[in-house]
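>>> give the three-dimensional model of this entry:
(one chain, ligands or ions: 1)
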Amino acid sequence: MSSSTASLPEILRGEGLPVFESITPTAVSEHIPALIRELEADLSSLEQRLEQILGQGQGLAWQDVMDPLQRLGERLRWSWGVVSHLNGVCNSPELRDAHAAQQAAVVQFGNRAGQSQVIYRALESLHQQSAQLDGTQQRILEAELRDMQLRGVGLSGSEQEAFNAASQELAELSTRFGNQVLDATNGWTLRLSEPDEVQGLPSSLLDQLAQAARQAGEVEATAENGPWLLGLDMPRYAPFMKYSQRRDLRERVYRAHVSRASGIEGSELNNWPLIERILTLRGEQARRLGYGNWAEVSLAAKMADSDSAVEALLEELRVAAYPVAQQELAALRACAARHDAPEASDLRPWDVTFWAEKLRQDSFELDSEALRPYFPLPRVLDGLFALCSRLFGITIEAADGEAPLWHSDVRYFRILEGPDAGAAAGQPLASFYLDPYSRPGSKRGGAWMDECLVRSRAADGRAVLPVAYLICNQSPPVGDTPSLMTFEEVETLFHEFGHGLQHMLTTVERPQAAGINGVEWDAVELPSQFMENWCYDRATLLGMARHWQSGEPLPEQEFAKLQAARTFMGGSATLRQVHFALVDLRLHSRWTPDCGMSPEQLRREIATNTTVLAPIDDDAFLCSFGHIFAGGYAAGYYSYKWAEVLSADAFGAFEDVGLNNEEQIRETGRRFRNTVLSLGGSLDPKQVFEAFRGRQPSSEALIRHSGLVAV
Ligand SMILES: [Zn+2]
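Numbering: from 1, shown residues only. Modelled structure (predicted):
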């Protein structure tokens, strides 16, 4: 293999902007295995070197261990990052296969580095002399040590064997849990053939149901004449519960949905035993690692200090949301009564979304499709960039043609210091790619921000400026009509741009703590949700929302509807999240096999003051709570609300100074840039927040924004 950089294949270049067209499926299969072999060899020689230094009893320096580790990780991140990126935005069967074939080796390399005993001892040794390190280095080192400890690297002998065996079993149980939810979801269908059984359903849903029937072999099925096949997956379940006028069918579907994978009627798909086993094993793992319970393990790596801090926050939200949720339920009953529905006197869980939709239509008919002409992408970008310039003093300009692209839809932009930065004005800070449109078949759905290049210093001392990928999935332009966005798509763009700003405006030069790196996961949604708030700011929204043909501004009453929709059923929505978060937290902090209660009994106890309609007997929601039993959210579900408190409170700082007090808004915006957007993972998120807000976070703003206070 050649060692000269000039002849390196593009996929292994490891620095600079990738030339995407050279990263082919063939290049992946040809060069990634060699890269991993090389990294493994480099890791082994690093381990040997460290072993030697440790054996001689010499002190270790940052450059001996952290820098080489970072460089190893960065080589993999650069190469594999481009491959994963293309796999998401330019998928093809060949690329998917090439990606899948290397995935396991990539994960394995990460595991090997993360579980290396020698590296762990080297980090511990470095930690003993941490007085010589600056604050950022200390935080990077402590996070690395903690992550390794949580992988069990500090254990030895039979304890480590037991830990590894339990980790293995937990991974299998999670997979089985998820599969059983999937099988139970897919295993239930309801065939509808009479027109009165589909009364009220929108045509988009009828299309879906007829298509499902055709896929099940009823080749004659049409949206108009049926038959229609209903299922429990969200795209069919959610709109059916919202629109079906047949209460008996809603009840049947609801009961089937909430009892999925709970072994009812002798079904083999029964997640109850798995739940107890998973919780028991997690408790044992926590004690092996020196913690009291799994919630402590989860919180060790988060901004929230303790389960009591999380409980306190959830209680504040609960107290605010509960009476509002009760009023909302009363409003649904009243709405049912106005429509002469018999269920008005006895509203059940399967009536709630149906009557909420009716009430929404009665109170304000917001037609999200009709707003599209007011949000052409070029105008929305102008509005977003103008806001960023106003708040953060930066200039964003098109730089099309200056970087290789992966598709002709993609645009390239540059961020510079703005004109009021004195001598620094015009200095380049970062750049980003924007890939806005959906491309069914080759681009993954959803929206995301990802890192292309991370801020750092190259070996020769040059600054490497951050580059972001911003990916959305909105409708493409048609002919002369630009991409016309829904309001939700505008919010999504602002959200992802918030992540991008934290990545791009970082001033931290150690990549392990630059931008979003090293930021605790319950704090990482702060900048993104913060940016969403501006979509509801009158000046920002009405400044950019103009009809793409007539230039007319968004009508005032449409703006009012958007505001109303934001808090509609807000008490119920908040209470629901509090219920889930509290169930998750207490199952991992209080439940033990001998606590005298089943997990379900604990959930029912929590439900007494976190639901306004008690769960029905069949309700076995825990059996499909995949976030915590099949995903990574165990004792972390609260993070959704935690981050919302931070982002709402951060926006509250702008409300406090007055949203039309231009001078104060600029000053507050600059402070947000110099704290939240600059400091990344270099500082404890509580300190970052306090540096911006002058105090610790308060839930007041979120409670107000969610419509949970009387005005
Ligand atoms: Zn996000």
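
>>> mind listing what's buried in the strand of greatest length in the chain?
Selection of the longest strand in the chain by residue count, based on DSSP state E, yields strand 428-437. For strand 428-437, the neighbour count (16 or more other Cβ atoms under 10 Å) marks Leu429, Ala430, Ser431, Phe432, Tyr433, Leu434, Asp435, Pro436, Tyr437 as buried. In this view, the C-beta of every residue, glycine as well, is placed from N, C-alpha and C.

>>> setting the sequence-adjacent residues aside, check what's closest to the fourth one.
This means Phe432. Excluding the flanking residues, the one nearest Phe432 by Cβ to Cβ, 6 or more residues apart in numbering is Ala468, at 4.2 Å.

>>> so what's the one you found up against?
By Cβ atoms under 8 Å, 6 or more residues apart in numbering, the contact set of Ala468 is Ala430, Ser431, Phe432, Tyr433, Met449, Asp450, Glu451, Cys452, Gly500, His503, Met504.

>>> from the residues you listed, which is closest to Gln117?
Nearest to Gln117 among these, counting by Cβ to Cβ, is Glu451 at 29.7 Å.

>>> could you say which helix or strand contains that closest one?
Using DSSP states H and E, Glu451 sits in strand 448-453.

>>> packing partners of that strand?
In this structure, strand 448-453 makes packing contacts with helix 62-89, strand 467-474, helix 487-504, judged by 3 or more Cβ pairs under 8 Å, 6 or more residues apart in numbering; DSSP states H and E.

>>> mean confidence for the next helix-or-strand element following that strand?
Once strand 448-453 ends, the next helix or strand along the chain (criterion: DSSP H and E) is strand 456-457. Strand 456-457 comes out with an average pLDDT of 92.

>>> give me the sheet partners of strand 456-457 and which way each runs.
strand 463-464 (antiparallel) (DSSP bridges).

>>> from Val578, how far out is Ile703?
Using Cβ to Cβ, to the nearest Å, we find Ile703 at a distance of 12 Å from Val578.

>>> tell me which of these two has more neighbours.
It is Val578, of Ile703 and Val578, that has more neighbours when counted by other Cβ atoms under 10 Å, with 27 against 21.

>>> now do the contacts for the more buried one.
Val578 makes contact with Leu314, Leu317, Arg318, Ala321, Thr610, Lys641, according to Cβ under 8 Å, 6+ apart.

>>> other SSEs contacting the host helix or strand of the first one?
Under the criterion DSSP H and E, the helix or strand holding Leu314 is helix 307-338. Under the contact definition 3+ Cβ pairs under 8 Å, 6+ apart, helix 307-338 sits against helix 294-300, helix 349-363, helix 570-589, helix 639-657, helix 700-705.

>>> check the offset of the second one from the chain's centre.
This means helix 349-363. Relative to the centre of its chain, helix 349-363 is centred 28 Å away, using Cα atoms, centre = their mean, to the nearest Å.

>>> any chance you could list what contacts the following helix or strand past it?
For helix 349-363, the following helix or strand on the C-terminal side (DSSP H and E) is helix 377-392. Helix 377-392 has contacts (Cβ under 8 Å, 6+ apart) with 394-396, 418, 434, 436, 474, 477, 482-485, 490, 493-494, 497, 501, 505, 534, 540, 543-546, 548, 665-666, 669-670, 672-673, 677.

>>> now do the residue nearest to Phe432, the pLDDT please.
pLDDT for Ala468: 98.

>>> name whatever forms a beta bridge with it.
According to DSSP bridges, the residues that bridge with Ala468 are Phe432, Glu451.

>>> pull the number of nearby residues for Ser92.
Using other Cβ under 10 Å, Ser92 has 14 other residues around it.

>>> oops, could you answer that again for Ala330 instead?
The local packing of Ala330 (other Cβ under 10 Å) involves 12 other residues.

>>> ok, back up a step: mutual contacts of Ile703 and Val578, please.
Common neighbours of Ile703 and Val578 (Cβ under 8 Å, 6+ apart) are Leu317.

>>> just to revisit the earlier point, between the helices and strands packed on helix 307-338, which gets nearest to Gly518?
helix 294-300 (14.5 Å).

>>> buried residues in that closest one?
Neighbour-count burial for helix 294-300 [16+ other Cβ under 10 Å]: Trp294, Ala295, Glu296, Val297, Ser298, Leu299.

>>> how close does the residue nearest to the third one when sequence neighbours are not counted sit to Trp294?
With sequence-adjacent residues excluded and distances taken as Cβ to Cβ, 6+ apart, Glu296 is closest to Ala286, at 6.4 Å. Note on Ala286: its distance to Trp294, by Cβ to Cβ, is 5 Å.

>>> okay, and the common contacts of these two?
Common contacts of Ala286 and Trp294 (Cβ under 8 Å, 6+ apart): none found.

>>> hmm, back to that, for the helix or strand hosting the residue nearest to Glu296, C-alpha coordinates in CSV please.
If you go by DSSP H and E, Ala286 is part of helix 272-288. The C-alpha coordinates for helix 272-288 follow below in CSV (Å, rounded to 0.1, in the frame of the first residue of the first chain):
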residue,chain,number,x,y,z
TRP,A,272,-44.1,-8.5,30.5
PRO,A,273,-41.5,-11.1,31.5
LEU,A,274,-38.9,-9.2,29.4
ILE,A,275,-39.7,-5.9,31.2
GLU,A,276,-39.0,-7.4,34.6
ARG,A,277,-35.8,-9.1,33.4
ILE,A,278,-34.5,-6.0,31.7
LEU,A,279,-35.1,-3.8,34.8
THR,A,280,-33.6,-6.5,37.1
LEU,A,281,-30.5,-6.8,35.0
ARG,A,282,-30.1,-3.0,34.7
GLY,A,283,-30.2,-2.7,38.5
GLU,A,284,-27.5,-5.4,38.8
GLN,A,285,-25.3,-3.7,36.2
ALA,A,286,-25.7,-0.4,38.0
ARG,A,287,-24.5,-1.9,41.3
ARG,A,288,-21.5,-3.6,39.6
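
>>> from Gly681, how far out is Val524?
Computed as Cβ to Cβ, the Val524 to Gly681 distance reads 9 Å.

>>> need the contact list for Leu405.
Leu405 neighbours (Cβ under 8 Å, 6+ apart): Phe20, Tyr412, Tyr433.

>>> would you mark the buried spots in stretch 455-475?
Result for stretch 455-475 [16+ other Cβ under 10 Å]: buried residues 455-456, 464-475.

>>> ignore what I typed, I meant stretch 617-628.
Across stretch 617-628, burial judged by 16+ other Cβ under 10 Å covers Asp619, Ala620, Phe621, Leu622, Cys623, Ser624, Phe625, Gly626, Ile628.
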